[in-house]
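K.L.:
sequence and predicted structure below; questions after.
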Amino acid sequence: MAKAPTVEDVAAHAGVSRQTVSNVLNTPDIVRPETRERVLAAIDALGYRRHAAARRLRLRRSSTIGIRLDPYLGGVSGVVLDRFVHAITERASARGMRMLVYAARSPQEELSRLTELWEGSEIDAAILTATERDDPRVGSLDAVGLPFISFGRPWGDDDIADPTHLWVDVDGAAGTRAATAHALGFGDTVAFLGWPHGSGTGDDRERGWRETIADAGARGLRVISEESVTGAREAVARVLADGTRLDALVCASDSLAVGALLALADARLSVPVVGFDNTPTAEALGFSSVEQRPEDVAQAILELLMGPTGDVVAPRRLEPGSAHALITPELVIR
């Protein structure tokens, strides 16, 4: 079996010292570009791979990112975060990073767990999910100095202009704009079935519907339900019992869409329904839905969180507009 190439082999092949190879691997910015390129070419030619464990010890880094495993709630829409966790794990591995999945039942428990992992040098950074308006985790993690990025905006007043808090989100308003534009092809009365006001994500999705309805001069009806198939079924049933005519219905989630379809079936009505999340349920039942593209979210998160050297470089101050990424979702028509 052939002996694996060493740092010394790379140095000899590139005609540089062992220290220069080490600098290219760990602090490439201090090496002249032409020398750096020569060392990288030698690394590629020899197939050299750094010993990850030794590197972690030397740099006092764990090469690990923490992410909470959200409690299993069942239902239709939980698959989106499952897809995201799988995608971020695969893409982090390709960058030489590992994911550490932990459980927490509340924001306070999550903060305690993250602080413990950070102080124990078990993680280099964290990814927050399920963000909410004025998310309390942001200030707490700032205070302990833990680098983090969120899937979803922290929903503060300065989310867009803030250059210090990294986040990636799906452009919910863009998704419901596309869904509403499609729904208007069936008539000029398009309802929106969404969550109660106060949810940053839900309000953003409602905004896309409202703007599209207004631009088209169409009629809209706002229907409210908690994230529940049963609740959505009851909410739509009440609207239909009043004799309200609906040409189409845009929903804030696939769970709500399933409830709406059940209510319409109960009333023996055939009305197009568009969901949000594009879960396997939407595919199985054959209704249109907005695809969030969690794989693209995972890619964008790692690009913001990690620098060109392959190490976590947050927290850092980025130019306004470059610390965030909005992923445009795709309407899947069925």
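P.N.:
Nice, I can see it. Here the structure is a predicted model, which is why all the values come from computation and not from measurement. Residues are numbered from 1 along each chain as shown.

K.L.:
pick out the residue nearest the middle of this protein.
P.N.:
Phe151 (3.8 Å; CA atoms, centre = their mean).

K.L.:
below-threshold pLDDT in the stretch 101-250 of the chain: ranges please.
P.N.:
156-163 (pLDDT under 70).

K.L.:
ok, which stretches of it are strands?
P.N.:
125-128, 148-151, 166-170, 189-194, 219-224, 248-251 (DSSP state E, counting those that start in this stretch).

K.L.:
pick the most deeply packed of the ones you listed.
P.N.:
By mean neighbour count, with neighbours taken as mean count of other CB atoms under 10 Å, strand 248-251 ranks first of the strands of the stretch 101-250 of the chain at a mean of 30. All C-beta spots, glycine's among them, are computed from the backbone N, C-alpha and C.

K.L.:
can you redo the strands of the stretch 101-250 of the chain as CSV with distance to Asp266?
P.N.:
Putting those into CSV (distance: least, CB to CB, whole Å) gives the following:
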stretch, distance to Asp266
strand 125-128, 40
strand 148-151, 36
strand 166-170, 32
strand 189-194, 15
strand 219-224, 15
strand 248-251, 14
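
K.L.:
contacting residues around the residue nearest to the centre of the chain?
P.N.:
For Phe151, the contact set (CB atoms under 8 Å, 6 or more residues apart in numbering) comprises 84, 127-129, 131, 167-169, 297, 301.

K.L.:
rerun that using 7 Å as the cut-off
P.N.:
84, 127, 129, 168, 297, 301 (CB atoms under 7 Å, 6 or more residues apart in numbering).

K.L.:
from those, pick the one nearest Trp209.
P.N.:
Nearest to Trp209, judged by CB to CB, of these is Val297 at 22.1 Å.

K.L.:
surely the closest one meets Leu326?
P.N.:
No. Counting by CB atoms under 7 Å, Val297 stays clear of Leu326, with 10.0 Å between them.

K.L.:
more neighbours, those two?
P.N.:
Using other CB atoms under 10 Å, the more surrounded residue of Val297 and Leu326 is Val297, with 22 against 16.

K.L.:
gap between Val190 and Gly15?
P.N.:
69 Å (CB to CB, to the nearest Å).

K.L.:
next: Gly202.
P.N.:
61 Å.

K.L.:
comparing those two, which residue is more hemmed in?
P.N.:
Set Gly202 next to Gly15 and count neighbours by other CB under 10 Å: Gly202 wins out with 18 against 11.

K.L.:
now the helices for the stretch 151-300 of the chain?
P.N.:
172-183, 200-216, 229-241, 254-266, 280-285, 294-305 (DSSP state H, counting those that start in this stretch).

K.L.:
how about those helices, which one is nearest Leu46?
P.N.:
So among the helices of the stretch 151-300 of the chain, helix 294-305 is nearest, using CB to CB, at 27.0 Å.

K.L.:
which strands and helices sit next to that closest one?
P.N.:
Other helices and strands packing on helix 294-305, by 3 or more CB pairs under 7 Å, 6 or more residues apart in numbering; DSSP states H and E, are helix 79-94, strand 148-151, strand 166-170, strand 324-327.

K.L.:
one more time with 8 Å, if that's ok
P.N.:
Applying 3 or more CB pairs under 8 Å, 6 or more residues apart in numbering; DSSP states H and E, we find helix 294-305 packed against helix 79-94, strand 125-128, strand 148-151, strand 166-170, strand 324-327.

K.L.:
and the contacts of it?
P.N.:
65, 80-81, 83-84, 87-88, 90-92, 95, 97, 125, 127, 147, 149, 151, 166, 168-170, 312-314, 323-325, 327.

K.L.:
re the thing from before, dump the helices of the stretch 151-300 of the chain to TSV, plus distance to Glu34.
P.N.:
Putting the helices of the stretch 151-300 of the chain into TSV (distance: least, CB to CB, whole Å) gives the following:
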stretch	distance to Glu34
helix 172-183	44
helix 200-216	48
helix 229-241	62
helix 254-266	54
helix 280-285	52
helix 294-305	27
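
K.L.:
and those: which comes nearest Pro5?
P.N.:
helix 294-305 (27.6 Å).

K.L.:
CA atoms only for the closest one - export them in CSV, please.
P.N.:
This file holds the C-alpha atoms of helix 294-305, laid out as CSV (Å, rounded to 0.1, in the frame of the first residue of the first chain):
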residue,chain,number,x,y,z
PRO,A,294,-33.7,24.3,1.3
GLU,A,295,-30.6,22.9,-0.5
ASP,A,296,-29.9,26.4,-1.9
VAL,A,297,-30.4,27.8,1.6
ALA,A,298,-27.8,25.4,3.0
GLN,A,299,-25.3,26.4,0.3
ALA,A,300,-25.8,30.1,0.9
ILE,A,301,-25.5,29.7,4.7
LEU,A,302,-22.1,28.1,4.3
GLU,A,303,-20.9,30.7,1.8
LEU,A,304,-21.7,33.5,4.3
LEU,A,305,-20.5,31.7,7.4
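
K.L.:
strand 166-170 and that helix, what's the angle between them?
P.N.:
160 degrees (axes from the mean of the first three to the mean of the last three CA atoms, to 10 degrees).
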